[in-house]
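Q: Predicted model and sequence below, questions to follow.
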Amino acid sequence: MSTLLFRNASVLDGSGALPFRGDVLVDGARIAAVAPAGQLPPRVDARTIECGGATLMPGLIEPHTHLSFVDQATPDAFSSLPVEEHLLLTLKHAKLYLDSGYTACFSAAATKPRLDVVTRNAIDRGEHPGPRLRAASVQLTVTGGVGDLRQMHLDPGEAMFTLPCDGPVEFRRAAREACREGVDVLKIVPSGDTSTPAVPSARTLMTDDEVAAVCEVARGHQRVVAAHARSAESVKMCVRHGVDVIYHASYADEEALDMLEAHKDRIFVAPALSVTITRLRDAGKFGLPSSDAMKKRIETDLQSTIAAMQALKKRGVKVLPGGDYGFKWNPHGNNARDLTYFVELLGYTPMEAIVGATQWGGEIMGMGDELGLVRNGYLADLLLVDGDPLADLTILEDRNRLLAIMKGGVFHKPPAPAGAERLRDAA
Ligand SMILES: [Zn+2]
């Protein structure tokens, strides 16, 4: 690893501070100095990148990732996909996230038990390009819960992306098994979802003792718990028992909002807006149920989620943009869209959306003291962006505008050599 100086960049550090013209020195895997332009002492050993005022910012962090989703229309696609092909696709998606400027991902469930773990390990060993990954278990929920695709006449042993458990004993066993296999995140599904009409979003499926059992295992093994929790009661249950990350929170009532606020120092919420918006708008084209009644249910989910997130923003709860990409109608690699949704639908400023995707992203990864900011001593996970994302967040959705992508001080995408653009045009 070498020493490298980004010179004359517009430094957008991820903390919410206004950008400034500055120089950033990277030494090995970490940021060694950040200073106003021209104020760092010269370093003859440092390779210099002339930024010409391009934005230098922290790599983006996705709080609700499913690297083993395969841009499928329906979840039964996971069951028919053999694990070997499935792993190759998961690795392919890992690279796509890094190509898209996501240098870290918090997983919200794998679709087979070891896909995330094996992918994380390959990335950490440098065997495959990909973001830093918090690897998750498959979804744990009750019989008949979201993703329980079993049919009475078929072999119940068929692989599924949801592992049905009933009672604290079964949940505890499943959670311990996932810990044994090396997951960082235990994913539970305590509420229903509109995608599964038999168990709608506002219904609570898991019981208190089941949620408590998983949280107890997580504490014992120093893992975190993330929950798909749309119903008000499921949100309260999660807060009561110490769940760390709450997805959707669509039907959070006043009491649930109060509880989230009371624990805002330790809890993260991520609504995963895009999957609902695109499900409403585009999923019918892919053969998913799109009757007026279904659309109305999804619209209600969306509007309730928006109202809940606006209330949480007012209460100072950390709400993070991103989520649930990997469906045919919401494909991987477009994740930065969610930042724009935060501005258009939730009333965030572009700066607030960026803080959610960088500084708070570092915190959700459990690395808040070393990831998600352009700051001395932090890991050099950096994007050099052509333009000002504060003026136009959609720049972050365009891979061509990401001039350079660095993870841990190593370029995944190096900047084009100075003048290369001109030479190419002349050719
Ligand atoms: Zn999800």
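A: Yes, it's here.
Q: Next, the distance between the ends of stretch 39-59.
A: Counting by Cα to Cα, to the nearest Å, you get 24 Å between the two ends of stretch 39-59.
Q: In the record's domain split, what are the boundaries for the protein?
A: Residue ranges for the domains of the chain, per automatic domain parsing: 3-59+373-426, 60-364.
Q: Please work out which of those domains is packed deepest.
A: Among those, domain 60-364 has the highest mean neighbour count (mean count of other Cβ atoms under 10 Å), at a mean of 21. Just so you know, the C-beta spots here come from the backbone N, C-alpha and C atoms, and that holds for glycine as well.
Q: Span of it from start to end?
A: Criterion Cα to Cα; first-to-last residue distance in domain 60-364 is 12 Å.
Q: How about the residues of the protein by the ion?
A: 108, 324 (Cβ under 5 Å from the ion).
Q: And the longest helix along the chain, how far out from the chain middle?
A: Longest helix in the chain by number of residues (criterion: DSSP state H): helix 292-314. The chain centre lies 20 Å from the centre of helix 292-314; the measure is Cα atoms, centre = their mean, to the nearest Å.
Q: Quick one: list the elements packing against that helix.
A: Where contact means 3 or more Cβ pairs under 8 Å, 6 or more residues apart in numbering; DSSP states H and E, helix 292-314 is packed against helix 254-262, helix 273-282, strand 318-319, helix 337-346.
Q: helices and strands around whichever helix or strand comes after the last one, which ones?
A: Going down the chain from helix 337-346, the next helix or strand is helix 350-357, by DSSP states H and E. Taking 3+ Cβ pairs under 8 Å, 6+ apart as contact, the helices and strands that helix 350-357 lies on are strand 60-65, helix 337-346.
Q: now the longest one: mean pLDDT?
A: Average pLDDT, helix 337-346: 97.
Q: now swap in stretch 397-410 and tell me
A: Stretch 397-410 comes out at a mean pLDDT of 98.
Q: for stretch 213-232, same thing?
A: On average, stretch 213-232 scores 98.
Q: Could you dump the helices and strands packed on helix 350-357 into JSON lines with distance to residue 364 added?
A: Converted to JSON lines, the helices and strands packed on helix 350-357 look like this (distance: least, Cβ to Cβ, whole Å):
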{"stretch": "strand 60-65", "distance to residue 364": "5"}
{"stretch": "helix 337-346", "distance to residue 364": "14"}
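Q: Tell me which of these lies nearest to residue 8.
A: Nearest of the helices and strands packed on helix 350-357 to residue 8, taken as Cβ to Cβ: strand 60-65 at 22.8 Å.
Q: what residues are up against the closest residue to the ion within the stretch 51-200 of the chain?
A: Closest residue of the stretch 51-200 of the chain to the ion, Cβ to the ion: residue 108 (4.5 Å). Contacts for residue 108 (Cβ atoms under 8 Å, 6 or more residues apart in numbering) come out as 63-66, 136, 185, 187, 226, 228, 245, 247, 323-324.
Q: Nearest to residue 88 among the residues you listed?
A: Nearest to residue 88 among those, with distances taken as Cβ to Cβ, is residue 66, at 16.0 Å.
Q: Once you drop chain neighbours, what's closest to the closest one?
A: Closest residue in space to residue 66, ignoring its immediate chain neighbours: residue 326 at 4.7 Å, by Cβ to Cβ, 6 or more residues apart in numbering.
Q: What separation is there between that neighbour and residue 89?
A: As judged by Cβ to Cβ, to the nearest Å, residue 326 and residue 89 stand 10 Å apart.
Q: Pull up the overlap in contacts between those two.
A: With Cβ under 8 Å, 6+ apart as the test, residue 326 and residue 89 both reach 68, 70.
Q: tell me which helix or strand of the protein sits lowest on mean pLDDT?
A: Lowest by mean pLDDT, DSSP states H and E among the helices and strands of the chain is helix 420-426, with a mean of 45.
Q: Phi, psi for the residue of the stretch 51-200 of the chain closest to the ion please.
A: phi -110, psi 30 (degrees, to the nearest 10).
Q: Report the beta-bridge partners for the nearest residue to residue 418 once chain neighbours are set aside.
A: Leaving aside its chain neighbours, residue 418 sits nearest to residue 50 (6.1 Å; criterion: Cβ to Cβ, 6+ apart). Residues in a beta bridge with residue 50, per DSSP bridges, are residue 7.
Q: mind starting the numbering at 55 from now?
A: Got it, first residue is 55 now, which makes that one residue 104.
Q: State the pLDDT value of residue 104.
A: The model reports residue 104 with a pLDDT of 95.
Q: what sits against it?
A: 61, 62, 472.
Q: any idea what sits nearest residue 74, other than its immediate chain neighbours?
A: residue 65 (5.6 Å).
Q: Quick check: that neighbour touching residue 72?
A: No: using Cβ atoms under 8 Å, residue 65 makes no contact with residue 72, being 9.9 Å away.
Q: shared neighbours of these two, anything?
A: When Cβ under 8 Å, 6+ apart defines a contact, no residue borders residue 65 and residue 72 alike.
Q: which stretches of the chain form helices?
A: Counting by DSSP H, the helices of the chain are 130-134, 137-153, 169-178, 221-235, 262-275, 286-295, 308-316, 327-336, 346-368, 391-400, 404-411, 413-418, 474-480.
Q: Can you name the residues that contact residue 260?
A: Per Cβ under 8 Å, 6+ apart, neighbours of residue 260: 195, 196, 199, 225, 242, 243, 244, 288, 291.
Q: rerun at 7 Å
A: Residues in contact with residue 260 (Cβ atoms under 7 Å, 6 or more residues apart in numbering) are 195, 196, 242, 244.
Q: Could you check how far the second one is from residue 63?
A: This means residue 196. Relative to residue 63, and taking Cβ to Cβ, residue 196 is found at 51 Å.
Q: And residue 392, by the same measure?
A: 25 Å.
Q: how about the nearest residue to residue 375, chain neighbours excluded?
A: That would be residue 392: by Cβ to Cβ, 6+ apart, it lies 4.0 Å from residue 375.
Q: Do you know the pLDDT at the nearest residue to residue 280 once chain neighbours are set aside?
A: Take residue 280 and drop its neighbours on the chain: the residue closest to it by Cβ to Cβ, 6+ apart is residue 299, 3.9 Å away. On the pLDDT scale, residue 299 is placed at 98.
Q: cool, and residue 323?
A: Taking residue 323 on its own, its pLDDT is 98.
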